[in-house]
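S.K.: Generate a structure from the sequence data that follows.
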Amino acid sequence: MKRKYCGSLIFLLLFHLQIHFSSGKPARVCVSKGGCFPPYSSEGKPPKKVGKGARDLTLCRLFHKKTCCDVAQTYPASLSVRRLASTGEASQECLQLWELLECSICDPQIGVQPGPPLICVSFCDRVYQSCASAYFSMDANKRVIAPCGVNDFVCGQASEWVSNGTELCQAAGFAVKLSDDAYVDVEEVSCYGGRASLDSISDSWRSPDSPLSEFIPES
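M.R.: Numbering: from 1, shown residues only. Below is the predicted model of the structure:
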């Protein structure tokens, strides 16, 4: 009787495991991006609201209600934007778009995806068009690009280091979702900067307190 009971438990366990894996839906938990991006302190946990205090977001606050980020991610992102504004000689539109790019790591949809933040190629192209004349430094060995800082001896305009948006995003440490006319909807859902992801938080961007409110057009 005991053996039959144990056999039934094993059968039920296997049955539930089969249902779990056949669903094809991975757990929606935070996955650190690797590369130049600091690891999430919430690794392995679902995105959540960030409370006020020492670990509050210093940038990308429009994601504070649901994100994998804390100050470990937003502090270096804010430094990058400041360098672009001070020594990078960037235009206002370039600054807004670069901030938006840096904030991709705090998007809850991006936070649960493995690998570097996946950016839509169309958005990378917009960043390049606006930031081509801004000044960046390049690590020749690692091929990593970053806004020019006061201690960088060799700086050049973005157009001198890279020739298009895809190269710019990749050199900055991001992954790029290449466009495909047959799968436009798939691209917009899976990558950051597409119409779907922009619309999902456009209300926050249009708020008077948002530094991006002037950039986001009315629909």
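S.K.: so V150 makes contact with R82?
M.R.: No: contact criterion Cβ atoms under 8 Å: V150 and R82 do not qualify, at 10.9 Å. Placement of C-beta: from N, CA and C, glycine included.
S.K.: Neighbour count for these two, which is higher?
M.R.: Legend: neighbour count by other Cβ atoms under 10 Å for V150 and R82, higher for R82 (15 against 7).
S.K.: which residues touch the residue nearest to K177 when sequence neighbours are not counted?
M.R.: Sequence neighbours aside, C191 is the residue nearest to K177 in space, at 3.7 Å (criterion: Cβ to Cβ, 6 or more residues apart in numbering). Listed by Cβ atoms under 8 Å, 6 or more residues apart in numbering, the contact set of C191 reads L118, I119, C120, F123, K177, S197.
S.K.: from the residues you listed, which is closest to E99?
M.R.: F123 (12.8 Å; Cβ to Cβ).
S.K.: Let's see the pLDDT reported for that closest one.
M.R.: For F123, the pLDDT comes out at 94.
S.K.: Confirm that it sits in a strand.
M.R.: No: F123 is assigned helix when assessed by DSSP: H, G, I helix; E, B strand; the rest coil, not a strand.
S.K.: Return the distance of it relative to S41.
M.R.: 27 Å (Cβ to Cβ, to the nearest Å).
S.K.: Who has more neighbours out of these two?
M.R.: F123 (25 against 15).
S.K.: Let me see the contact set for the more buried one.
M.R.: L101, G165, C191, Y192, G193, G194.
S.K.: And P114, by the same measure?
M.R.: Per Cβ under 8 Å, 6+ apart, neighbours of P114: V31.
S.K.: Likewise for C148?
M.R.: Counting by Cβ under 8 Å, 6+ apart, C148 has contacts R83, T87, G88, Y135, F136, S137, C155.
S.K.: Over to E93. Which of the three states is it?
M.R.: helix.
S.K.: and after the lowest-mean-pLDDT helix or strand in the chain, which helix or strand comes next?
M.R.: The weakest-scoring helix or strand in the chain, judged by mean pLDDT, DSSP states H and E, is helix 2-22 (a mean of 38). Remark: after helix 2-22, the chain's next helix or strand is helix 71-86, criterion DSSP states H and E.
S.K.: can you list contacts of that next one?
M.R.: 37-41, 54-60, 90, 94-95, 98-99, 102-103, 105-106, 131, 134, 146-150.
S.K.: Next, the buried residues of stretch 128-142.
M.R.: Y128, S130, C131, A132, A134, Y135, F136, S137, M138 (16 or more other Cβ atoms under 10 Å).
S.K.: what residue ranges in the chain score low on pLDDT?
M.R.: Where the chain drops to pLDDT under 70, the residues are 1-27, 53-54, 140-142, 179-189, 195-219.
S.K.: rerun that using 50 as the cut-off
M.R.: Scanning the chain for pLDDT under 50 picks out 1-24, 180-189, 206-219.
S.K.: Now stretch 34-43 - C-alpha only, CSV.
M.R.: In CSV, the C-alpha atoms belonging to stretch 34-43 read as follows (Å, rounded to 0.1, in the frame of the first residue of the first chain):
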residue,chain,number,x,y,z
GLY,A,34,26.8,41.1,-17.6
GLY,A,35,29.4,43.1,-19.5
CYS,A,36,29.7,46.7,-18.4
PHE,A,37,26.4,46.6,-16.5
PRO,A,38,26.5,46.2,-12.7
PRO,A,39,24.6,43.0,-11.5
TYR,A,40,21.1,43.4,-10.1
SER,A,41,20.8,43.1,-6.3
SER,A,42,17.4,41.6,-7.1
GLU,A,43,18.9,38.8,-9.2
